[in-house]
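Student: no FASTA, just this:
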């Protein structure tokens, strides 16, 4: 793919130069040129003979006094033009005073069970906008494979086989970035996170949104439980309102510490490459469209009102985007995990809470795990102290031990440990050969994993 992109970049050079008209006849903008970004996107292809669309969002950081003109064209990647999508060339104008636009490409549905396919959107802009990139990838998701059969985990791709563990960005990085926002997930991926961990709740009107808490009070400028709010009401909130870099979401800091406050509501410009949308509460579908190639860990939350078929909605959405073995469905709620497993048996999953402690009881008595063919991962804290009131008794039971890791691996279960935030604990988990480390600080973990093993140390 990289060679293909490089080749078509050369052929597109003349178009870029032609569109960037630097002649003296061009109107001189009264404001400095804006940064301009077109965000990669994915969409389901649709049924055979059906025509669907894939939409790219165009974002700028500053409005301009003159129109911004964008010339674009599609270039084939693994997808075939006029067979998987309609070859398209066109121009988009962003009017003065506005900062967003959309480029829409028509997709051609089929009934073939196949891997996701991609094409390239190349573009250039007039002189009053500076693109951060000149091309992005569109992903046509496979929505034809039925998710009605249990997966097999032979081999289990989430086992690292002794290599370094995967870096799970917990909620996108709770202290690194404004948690559970598209901005957080995009920045975590850029920093080197391997897996984006997301929590999914259902709204009053049965939309699926990404948020960790039962309510919006801790992270946003709103109040109330998610189940009592509509998607439209949630989308008005500032999801980065209480975020302080390096500290998470304290509510007792001076106003100037909340450096991302107001981006979602248009009171300050977004960082280069992002828009106000990236700082609001996102939907699960927005995340699937934005991150088609990233590994995902989706935590199922309880269906608070019992209305709306929460697990079925999630299963259907994952099927539309062709996500199964590059996703882990996880839950502390055995009922939610079992309900989801019933409607999406093909999606990889981790052992839910009660079952996990049943396995632990067997391990403590025998030193081994029984076979667990229905799950691929054992997700647990380093010891039971992080579980708090959920566990009877006062003594914390160590979980991240060489013996437990070996027993889990022998049962073909990946060990994914949460929530590890200190450098020393990260190094300890790496030495234990766990398969995944969930952390609020994916930037720190990426730095450690990017350092040669013999040179890893804590400051």
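Tutor: Ah, there it is. Being a predicted model, the structure only gives us computed values, none of them experimental.
Student: ok, residue 94 - contacts?
Tutor: Residue 94 is in contact with 58, 60, 64, 67-70, 100-101, 129, counting by C-beta atoms under 8 Å, 6 or more residues apart in numbering. All C-beta atoms are positioned from the backbone trio N, CA, C, and that covers glycine.
Student: just the ones in strands from those, please.
Tutor: 58, 60, 68-70, 100-101, 129 (DSSP state E).
Student: which of those residues are buried?
Tutor: For the ones in strands among the contacts of residue 94, a burial check counting by 16 or more other C-beta atoms under 10 Å picks out 58, 60, 68-70, 101, 129.
Student: how about the strands in the stretch 101-250 of the chain?
Tutor: Secondary structure of the stretch 101-250 of the chain by DSSP state E, counting those that start in this stretch: the strands cover 117-125, 129-131, 135-141, 166-170, 195-202, 208-210.
Student: of the buried ones among the ones in strands among the contacts of residue 94, which is the nearest to residue 89?
Tutor: In terms of C-beta to C-beta, no member of these lies closer to residue 89 than residue 70, at 11.8 Å.
Student: list the beta-bridge partners for the closest one.
Tutor: For residue 70, the beta-bridge partners under DSSP bridges are residue 92, residue 125.
Student: for it, give its distance to residue 202.
Tutor: In this view, residue 70 and residue 202 are 37 Å apart by C-beta to C-beta, to the nearest Å.
Student: same check on residue 338?
Tutor: Distance, residue 338 to residue 202, by C-beta to C-beta: 17 Å.
Student: out of these two, which sits in the more crowded spot?
Tutor: When residue 338 and residue 202 are compared on other C-beta atoms under 10 Å, the one with more neighbours turns out to be residue 202, at 24 against 15.
Student: surely that one touches residue 228?
Tutor: No: here residue 202 lies out of contact with residue 228, judged by C-beta atoms under 8 Å, at a distance of 11.3 Å.
Student: domain parsing for the protein?
Tutor: Listed by automatic domain parsing, the domain ranges of the chain are 2-141, 166-455.
Student: can you say which of these is nearest to residue 147?
Tutor: Taking C-beta to C-beta, domain 166-455 is the member of these nearest to residue 147, at 4.1 Å.
Student: model confidence over the closest one, on average?
Tutor: Averaging pLDDT along domain 166-455 gives 94.
Student: how long is that domain from one end to the other?
Tutor: Distances were taken as C-alpha to C-alpha, to the nearest Å; on that basis the terminal residues of domain 166-455 are 19 Å apart.
Student: how far off centre is that domain?
Tutor: Chain-centre distance of domain 166-455: 10 Å, with C-alpha atoms, centre = their mean, to the nearest Å.
Student: how far away is residue 298 from residue 149?
Tutor: 20 Å.
Student: same question for residue 401.
Tutor: Residue 401 sits at a distance of 35 Å from residue 149 (criterion: C-beta to C-beta).
Student: that concludes my questions; thank you for your assistance.
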